[in-house]
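Chemist: coordinates only, sequence not included:
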Ligand SMILES: Cc1cc2nc3c(=O)[nH]c(=O)nc-3n(C[C@H](O)[C@H](O)[C@H](O)COP(=O)(O)OP(=O)(O)OC[C@H]3O[C@@H](n4cnc5c(N)ncnc54)[C@H](O)[C@@H]3O)c2cc1C
């Protein structure tokens, strides 16, 4: 049980060493690190409390215990159109997503902002794919003259990847690729027959490509008192076995065990309080989500981990004489350079063979084909920069895939639907998106939410680089399946709005120059040194890897920096 | 089939034109007669059982599928598909009586199969893009909806999932390649 703070009147009891805003993936890490390093830490979370195991009401439910049997619900599609567009949104998970009616925002162009407002944030529902960025990713902006240079290189983050991976527990296979670094892995999960076949064919036909099992924050053996994974693949309902990493199962309990953590759910941070004389942030202003009561909390350092777009809105809403455009915004970069990976394109195919083979258990990951474009002179593309990685899965068709395309009814239909069908592989890419100045998050001048806070406006679109990459994504996937002997190979592109990859990032970027960036090499605001931002907003470029592992590593690194700066009395 | 496709093509080009019976069009968007669906549980049950009959494992009725279809049609179906479903349901008995001189529930299994085959043929969705457009504009046919809800309702029910499929809620591990054993059912959960 994590102690929950109730509102206290005196300023002294509202004063802590550190405040962390948000309890999702990055906030959980900030809480753990700061508490473990001895700071009295207050975590402010706008959503309700979710306690590990106790608050996973659907985790043990069978399909027949859900009124609509986990099929898509019309009322959700109508009333909750953005959240319900997320593939894992269903009757078993929807309590971990916000309600679109209660949390409106303005889409100047379509952009899906998919959120979970609760203790644990989206660490409860995430797909747990964990890939390191490589040297190539940190160098890319500088080499190509795009946006600004990352202020760090791989060697600076490498020990922090090691550090967080050892705690999180990530299963995966080391592959020894220079541009796709290995990590500290728990035993990998197995590929199935058709995936092994594809792996072998990919290596045979392509010098520059491999296929590996997905690197996933699911525990293939007991780890730090959690797990092991039971291979139920019901992760995003919350895991009663602690089989995967979430703030709720991983970082927050460890933070609480130090005795230094205070958690306050239902606490909406409206702005960061700033003292002009001392040029430092003094605390944050909180609106109680239920009573609307406003309370200020104070601390020596503040970590913003509300997730990219929410953190941006807090900064833009924190105006003062010194910072009329938002806290620490002398560069005017806050809210610019929004990125999301660009996905939904790929190919699928059917494999004739392995009819006498199957698998047991449900593997909570698929396979991964690391980036193979623009990684060397030979793989250089003329039509676009950067690259993409494929995530895919091979399996046998089952009743849910088969009934639509199986004609007829009666005994023969029933027979067909109860037997494993043909093997197939689906693979789709997560592509790198470049940081564009005018892909933006802003605050609306007039429209407000029910707490009186200005609504977020999002204006985002993909450009030529992404469109050219998209064609290659489809073609390359189809070609690989084709060469591997798959039949009925089809390219696909589901035209989902940007945001759908749920990897939004970049709106308070790190950089070397305070004139063109918001954060320094330690995620510290150039302008206001006692504010650190370590969620996705810090990202200077997006790479194509799922980003949360990088947020964790940067968070742990920034916390250690902050504590050492405090000790040196620099903060 | 070709002709229907062509007709649909025309309507799409000149939206709202009279080329496609506008009466029919309107009828798909009228307020659906949900009271009628509720009154037809016996017929629904017989239809569902024709789609997934009892064999060496339970059929749709025993697995409680008729109630699920009812719930889905009433609460979780777009208006156009609802209306097409209800229109289809209303047409079943007249067709059965015309063919075999008795309502569907009184027909023999073979006769029921024949009636069902008629509705399957009448309700074949278009393939590819026209199919997508069709679904968007006029919803699914009676047969498509019936079959979908019967299959989903059956294979997610306790009996369907545990008797007709291999149901393991907590596998405990994953093995990538195992030889198929004779009579191996497919896994109930993904
Ligand atoms: C279905 C799904 C699949 C995903 N799969 C992957 C994957 O495989 N790999 C990967 O790397 N990433 C994945 N992601 C993305 C991943 O979840 C996010 O990158 C990650 O959660 C971001 O961490 P965060 O701490 O920035 O934000 P979050 O985890 O979203 O946490 C932010 C927290 O801040 C709180 N908050 C917001 N505003 C305020 C405020 N004003 N005051 C107080 N609190 C506030 C929120 O309620 C929330 O709890 C996935 C996401 C989803 C939804």
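Modeler: Yes, it's here. Keep in mind the model is a prediction, meaning the values are calculated, not measured.
Chemist: Every contact and neighbour count from this point should use C-alpha atoms.
Modeler: Fine.
Chemist: where does chain B have low pLDDT?
Modeler: Applying pLDDT under 70 to chain B picks out residues B:1-26, B:28, B:129.
Chemist: Please work out which residue of it is closest to the ligand.
Modeler: Closest approach of chain B to the ligand (CA to the nearest ligand atom) occurs at residue B:190, with a separation of 16.5 Å.
Chemist: so that residue makes contact with residue A:360?
Modeler: No. No contact is recorded between residue B:190 and residue A:360 when judged using CA atoms under 8 Å, the distance being 10.6 Å.
Chemist: So those two - more neighbours on which side?
Modeler: residue A:360 (17 against 14; other CA atoms under 10 Å in any protein chain shown).
Chemist: which residues does that one form a beta bridge with?
Modeler: According to DSSP bridges, the partner residues bridging residue A:360 are residue B:175.
Chemist: ok, now how distant is it from residue A:36?
Modeler: Between residue A:360 and residue A:36 the distance is 41 Å, computed by CA to CA, to the nearest Å.
Chemist: likewise residue A:276?
Modeler: When distance is defined by CA to CA, residue A:276 is 31 Å away from residue A:36.
Chemist: Looking at these two, which is more packed in?
Modeler: Each of residue A:276 and residue A:36 had its neighbours counted (other CA under 10 Å), and the higher figure belongs to residue A:36 (19 against 12).
Chemist: what about stretch A:71-82, distance to the chain center?
Modeler: 23 Å (CA atoms, centre = their mean, to the nearest Å).
Chemist: residues making contact with it?
Modeler: A:84-85, A:90-91, A:99-101, A:112-114, B:76-78 (CA atoms under 8 Å, 6 or more residues apart in numbering or on different chains).
Chemist: Any idea how far apart the tips of that stretch sit?
Modeler: Counting by CA to CA, the length from the leading to the trailing residue of stretch A:71-82 is 17 Å.
Chemist: Can that stretch be said to contact the ligand?
Modeler: No. With CA under 6 Å from any ligand atom as the threshold, stretch A:71-82 lies outside contact range of the ligand, at a closest distance of 11.7 Å.
Chemist: What's the local residue count around residue A:149?
Modeler: Applying other CA under 10 Å, we find 23 other residues in the vicinity of residue A:149.
Chemist: so it touches residue A:137, yeah?
Modeler: No. The pair residue A:149 and residue A:137 fails to qualify as a contact (CA under 8 Å) at a distance of 10.5 Å.
Chemist: Show me what whichever helix or strand residue B:96 is part of is packed up against.
Modeler: Here residue B:96 sits within helix B:79-100, counting by DSSP states H and E. Applying 3 or more CA pairs under 8 Å, 6 or more residues apart in numbering or on different chains; DSSP states H and E, one finds that helix B:79-100 contacts helix B:22-29, helix B:34-39, helix B:65-75, helix B:109-122, helix B:128-138, helix B:142-155.
Chemist: who's in contact with the residue of chain B closest to the ligand?
Modeler: By CA under 8 Å, 6+ apart, the neighbours of residue B:190 are A:233, A:362.
Chemist: got it, and residue A:109?
Modeler: Residue A:109 touches A:458-461, counting by CA under 8 Å, 6+ apart.
Chemist: Which of the three states applies to it?
Modeler: Under DSSP: H, G, I helix; E, B strand; the rest coil, the three-state class of residue A:109 is coil.
Chemist: quick one, phi psi at it?
Modeler: Summarising the backbone geometry of residue A:109 under the convention degrees, to the nearest 10, its torsions are phi -130, psi 160.
Chemist: separation between it and residue A:454?
Modeler: As it turns out, when the distance is counted by CA to CA, residue A:109 lies 18 Å from residue A:454.
Chemist: same thing with residue A:151?
Modeler: In this structure, residue A:151 and residue A:454 are 32 Å apart, going by CA to CA.
Chemist: Kindly report the same for residue A:550.
Modeler: For residue A:550, the distance to residue A:454 (CA to CA) stands at 30 Å.
Chemist: Those two - which one has more neighbours?
Modeler: residue A:550 (25 against 21).
Chemist: In this structure the more buried one contacts residue A:137, no?
Modeler: No. At 11.9 Å, residue A:550 does not count as touching residue A:137 under the criterion of CA under 8 Å.
Chemist: In the stretch 151-300 of chain A, mark out all the helices, start to finish.
Modeler: Assigned by DSSP state H, counting those that start in this stretch, the stretch 151-300 of chain A shows helices spanning A:154-168, A:193-205, A:252-257.
Chemist: Of all those helices, which one comes closest to residue A:517?
Modeler: When these are ranked by proximity to residue A:517, the top entry is helix A:154-168, at 19.0 Å, counting by CA to CA.
Chemist: Return the distance of the residue nearest the centre of chain B relative to residue B:73.
Modeler: The C-alpha lying nearest the average C-alpha coordinate of chain B belongs to residue B:146 (CA atoms, centre = their mean; 1.6 Å). For residue B:146, the distance to residue B:73 (CA to CA) stands at 9 Å.
Chemist: and for the two, which residues touch both?
Modeler: With contacts defined as CA under 8 Å, 6+ apart, the residues shared by residue B:146 and residue B:73 are residue B:85.
Chemist: want to try JSON lines for the contacts of stretch A:71-82, with neighbour count and secondary structure as columns?
Modeler: Compiled in JSON lines, the contacts of stretch A:71-82 are given as follows (neighbours: other CA atoms under 10 Å in any protein chain shown; DSSP: H, G, I helix; E, B strand; the rest coil):
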{"residue": "A:84", "neighbour count": "24", "secondary structure": "helix"}
{"residue": "A:85", "neighbour count": "18", "secondary structure": "helix"}
{"residue": "A:90", "neighbour count": "23", "secondary structure": "coil"}
{"residue": "A:91", "neighbour count": "19", "secondary structure": "coil"}
{"residue": "A:99", "neighbour count": "21", "secondary structure": "coil"}
{"residue": "A:100", "neighbour count": "18", "secondary structure": "coil"}
{"residue": "A:101", "neighbour count": "10", "secondary structure": "coil"}
{"residue": "A:112", "neighbour count": "22", "secondary structure": "coil"}
{"residue": "A:113", "neighbour count": "22", "secondary structure": "coil"}
{"residue": "A:114", "neighbour count": "21", "secondary structure": "coil"}
{"residue": "B:76", "neighbour count": "18", "secondary structure": "coil"}
{"residue": "B:77", "neighbour count": "19", "secondary structure": "coil"}
{"residue": "B:78", "neighbour count": "16", "secondary structure": "coil"}
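Chemist: Thank you kindly, that will do.
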